[in-house]
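Participant: I'd like to go over a predicted model; first the sequence, then the structure.
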Amino acid sequence: IVGGTGSGKTTLLNALTFFIPPQARVVSIEDTRELNLQHENWLPSVARAGVGLSNLVGQKYGEVSLFDLLKESFRQNPDYVIVGEVRGKEAYVLFQGMASIQGDEEIFIIKKGKPFRIKIKDIDDIKNCYALTYDLNKKEVKFIPITAVLKHPSRKLLYKITTKTGREITLTPDHSVFKYENKIISAPMETIKIGDKILIPAKIPSDYANLEHLDLMELLPNARIYSPKLIKEAVTKIGYYQASAICGVESVSDYYSNFKRSKSSSLKVEKFIKLMKEAEINYSFEDLKLKFDKKSESLPSKLPITNEFLRLLGYYLSEGSLNIGVKNNKVSIYNKNEKILQDMRKCIFKVTGKTPRERITQGFGTATELSFNHKVIYEILKEYCGFKHNKKIPDFIFGLSKERIGQFLSALYDGDGTYTENYFGYYTISKKFADDLTKLLLTLGIVATIRTRNRIGRKTTDYEILFYHAIDKNEFLKYVSPIKKRFGWT
């Protein structure tokens, strides 16, 4: 609202606030109290003058400026922010609050000590959440606490940045971008021109969530827990009928009785947790077995993240497939290098306890297929690694140490990777996977380039992830141990 002195700006604003829904939270910020909102969820804020001499940043002791109030208002999760008068640097914060990126864009966050990539529109609970960003003062990429999330109606005009290295992001015109003009500065998106030098991270943190186990009860909530001993203990403590009611079954004895004709059934994860809570039983996750049905194999509910498990994930993402059309939980991985096949067999046996079946396949050349059936591993791969054209790198990989990331990359590059005198490369038909891999390489300080190509006779687009510099190749080989023959190797 713009107008001269005494023209009725405040009166109009008071009238407009009658149209704000009563359930909405409203924060007002003024230097002199003038607004009078008839709203029960109104949080008024008033600036305060300081006393004494100004400090090094120009503020007096006890001073609370409009700028301070506006920054802090975002912590109160407001639906509406009303600023009485905008005359100084508080306007910058206000316009930054209105700036945004497209809701489908993914960002990196740490939540409860674990790494996640999440679409920005899906962020709701920001408690104990940290986002990866660039610190303009310290000139480094780091995780900082998320203090607020602001959502607004969609914009008609959006800008898309594509960098020389193939990275892309979509922003609103007023969103700030870091660029270099003899120094690093922040500039609105609408001022960026073709040829400007845009900053991208040269390195992102690693080893901040170096997990030793995966919590399968959290990862696979539709799974079941096989633990007859604990279920029987719960029945003894709270009674048969109450335990049956808690589990929502007619006879809870099916989950602990030792019948000769069949084994005890497995209880759904959520029901098992509820039963243990009601019976006040403390249990060790290491003693729990997770499965899906009577016939499926089980795994510990706390699955160790071993080097073999990391390499198995790498082999699957690079050279693997799931038999999605038929419900036989079949996992297959392929290669034609006998040394790589030996390591694949080792990883499968160490993780599942199974010796894989083998057969020769014909496709784009001859290869050996190693396959096995394991429902739990199948579901882990399906949910957290994807399949066909939608493969992705699991989030937890990004928080591991460089040495363990190297185990994953070793298997990945032994699949669809290539090593030449001029460059190291990786090939995929998934754009999402290409973006994932470039981010993971940043944990090693490698800024890779994404190139596209369309081969004759194929309908899909290939994405090439390439890096050329000797320093990057040497850093890569510090942590990655390829089995595949590299240029110049014997």
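Facilitator: Arrived safely. These numbers come from a predicted model, not from an experiment. Numbers count the residues shown, from 1 in each chain.
Participant: tell me how far the ends of stretch 169-189 are from each other?
Facilitator: Distance between the two ends of stretch 169-189: 11 Å, counting by C-alpha to C-alpha, to the nearest Å.
Participant: average pLDDT for it?
Facilitator: Taken as a whole, stretch 169-189 carries a mean pLDDT of 81.
Participant: which residues in the stretch 101-250 of the chain form strands?
Facilitator: Residue ranges of the strands in the stretch 101-250 of the chain, as given by DSSP state E, counting those that start in this stretch, are 106-111, 114-119, 129-135, 140-145, 159-162, 168-171, 176-180, 184-188, 213-215, 224-226.
Participant: will you turn those into JSON lines that also has mean neighbour count and distance to residue 248?
Facilitator: Using the backbone N, CA and C atoms, a C-beta is placed for each residue, glycine as well. As requested, those are exported to JSON lines (neighbours: other C-beta atoms under 10 Å; distance: least, C-beta to C-beta, whole Å):
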{"stretch": "strand 106-111", "mean neighbour count": "18", "distance to residue 248": "30"}
{"stretch": "strand 114-119", "mean neighbour count": "17", "distance to residue 248": "30"}
{"stretch": "strand 129-135", "mean neighbour count": "16", "distance to residue 248": "34"}
{"stretch": "strand 140-145", "mean neighbour count": "14", "distance to residue 248": "40"}
{"stretch": "strand 159-162", "mean neighbour count": "13", "distance to residue 248": "50"}
{"stretch": "strand 168-171", "mean neighbour count": "17", "distance to residue 248": "45"}
{"stretch": "strand 176-180", "mean neighbour count": "15", "distance to residue 248": "52"}
{"stretch": "strand 184-188", "mean neighbour count": "14", "distance to residue 248": "55"}
{"stretch": "strand 213-215", "mean neighbour count": "16", "distance to residue 248": "24"}
{"stretch": "strand 224-226", "mean neighbour count": "23", "distance to residue 248": "14"}
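Participant: would you list these in CSV and tack on distance to residue 306?
Facilitator: Listed next are the strands of the stretch 101-250 of the chain as CSV, based on distance: least, C-beta to C-beta, whole Å:
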stretch, distance to residue 306
strand 106-111, 23
strand 114-119, 19
strand 129-135, 27
strand 140-145, 27
strand 159-162, 39
strand 168-171, 35
strand 176-180, 39
strand 184-188, 42
strand 213-215, 10
strand 224-226, 22
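Participant: so how many other residues sit close to residue 44?
Facilitator: When neighbours are counted by other C-beta atoms under 10 Å, residue 44 registers 15.
Participant: strands paired with the strand or helix carrying it, and their directions?
Facilitator: Using DSSP states H and E, the secondary-structure element containing residue 44 is strand 42-46. Each strand paired with strand 42-46, and its direction, by DSSP bridges: strand 26-30 (parallel).
Participant: Check the model's average confidence along the strand it pairs with for me.
Facilitator: The model assigns strand 26-30 a mean pLDDT of 88.
Participant: now what about that strand, what contacts it?
Facilitator: Outside of strand 26-30, the residues that reach it under the criterion C-beta atoms under 8 Å, 6 or more residues apart in numbering are 17, 20, 35, 37, 39, 41-47, 66, 69-70, 73, 76, 78-85, 90.
Participant: Which ones among these map onto helices?
Facilitator: Secondary structure from DSSP state H places 66, 69-70, 73, 90 of the contacts of strand 26-30 in helices.
Participant: Selection in PyMOL covering whichever of those residues are buried, please.
Facilitator: One line in PyMOL is enough to select the buried members of the ones in helices among the contacts of strand 26-30, burial here meaning 16 or more other C-beta atoms under 10 Å:
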select buried, resi 66+69+70+73+90
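Participant: Just give me the neighbour total for residue 85.
Facilitator: As a burial measure, the neighbour count of residue 85 was computed by other C-beta under 10 Å and equals 15.
Participant: got the contact list for it?
Facilitator: With contact taken as C-beta under 8 Å, 6+ apart, residue 85 is in contact with 30-31, 66.
Participant: could the ones in helices among the contacts of strand 26-30 go into CSV alongside distance to residue 396 and pLDDT?
Facilitator: Formatted as CSV, those follow (distance: C-beta to C-beta, whole Å; pLDDT from 0 to 100):
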residue, distance to residue 396, pLDDT
66, 43, 76
69, 40, 82
70, 37, 76
73, 35, 80
90, 40, 57
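Participant: And the ones in helices among the contacts of strand 26-30, which is closest to residue 140?
Facilitator: Nearest to residue 140 among those: residue 70, at 26.5 Å, using C-beta to C-beta.
Participant: okay, how far is it across stretch 236-251, tip to tip?
Facilitator: Taking C-alpha to C-alpha, the span from the opening residue of stretch 236-251 to its closing residue is 14 Å.
Participant: what sits up against that stretch?
Facilitator: Residues contacting stretch 236-251 (C-beta under 8 Å, 6+ apart): 231, 234-235, 252-253, 255, 267, 271, 274-275, 278-281.
Participant: Of those residues, which belong to helices?
Facilitator: Using DSSP H to define helices, the subset of the contacts of stretch 236-251 located there is 231, 234-235, 271, 274-275, 278.
Participant: Select from those residues the one having the most neighbours.
Facilitator: Neighbour max across the ones in helices among the contacts of stretch 236-251 (other C-beta under 10 Å) = residue 231, 29 neighbours.
Participant: Does it touch residue 252 like I think?
Facilitator: Yes: contact criterion C-beta atoms under 8 Å: residue 231 and residue 252 qualify, at 6.9 Å.
Participant: Could you tell me which ranges of this structure sit under the pLDDT cut-off?
Facilitator: Within the chain, the set of residues satisfying pLDDT under 70 comprises 52-59, 87-103, 136, 150-155, 258-263, 326, 364, 485-490.
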